[in-house]
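Enquirer: using only what follows, build the 3D model:
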Amino acid sequence: MSSALELLPNDRPWTVEDLERLPDDGNRYEITNGSLLVTPAPAIPHVVITANLAWALRASAPKDLAVIPTGAGVQLRRSMYIPDIVVVHAAATTREGKLFDVSDVVLVVEVLSPSNAGTDLVLKRHDYAADGIAWYWIVDPAAQTLTVLENSDGSYLERQVVQPGAQWATDQPFPFSIDPGKLR
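Expert: Numbers count the residues shown, from 1 in each chain. Predicted coordinates for the structure are as follows:
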């Protein structure tokens, strides 16, 4: 079996097509500005939090939006990421292809993992904002918080850090309420 490093394109940036040649080895392969980003499979608590939040979002989302948990890729201008949860316009789910276009996306959610927290907090935050994704939520399992970020002219403004034990309610991007301390 070939490793990702043996398949590295040495004369050009990584593309989505290059990812199709990589082994199905349990890692998540993404592209950031033409470079390969490899993250290990998430731990069970991460998966549980992602599933619980996705179920809660689905229960509240209007019919014209679809909540897609882990696995759906988003094509940005120079990167391709696989958010833990992505909320897209429902019409986008009927199109052919392997990736959602950034214009399809209303909200992305990342659940922090010790192995890649910096990527979610810095790289993805920058790229999602620069490409115009309106809302970015970051769940911190250790602190049991939900950070709510809103796009303002290509960068995110921190609207709120919701603490565990607090029932937070919003109307954006749709009416929704949650206590991040109950996601486990």
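
Enquirer: going forward, measure contacts and count neighbours with C-alpha atoms only.
Expert: Will do.

Enquirer: any idea which helix or strand carries Glu158?
Expert: strand 155-162 (DSSP states H and E).

Enquirer: and for that strand, what are the contacting residues?
Expert: Strand 155-162 has contacts (Cα atoms under 8 Å, 6 or more residues apart in numbering) with 125-126, 129-130, 136, 145-151, 168, 179-180.

Enquirer: and whichever helix or strand comes after that strand, what's buried?
Expert: With elements assigned by DSSP H and E, the helix or strand that comes after strand 155-162 is strand 168-170. Of all the residues in strand 168-170, those buried under the rule 16 or more other Cα atoms under 10 Å are Trp168.

Enquirer: go on, stretch 177-184?
Expert: Within stretch 177-184, judged by 16+ other Cα under 10 Å, the buried ones are Ile178, Asp179, Pro180, Gly181, Leu183.

Enquirer: state the mean pLDDT of that stretch.
Expert: Average pLDDT, stretch 177-184: 96.

Enquirer: starting at the chain centroid, how far to it?
Expert: 18 Å (Cα atoms, centre = their mean, to the nearest Å).

Enquirer: how long is it end to end?
Expert: Chord length of stretch 177-184, first to last residue, is 16 Å (Cα to Cα, to the nearest Å).
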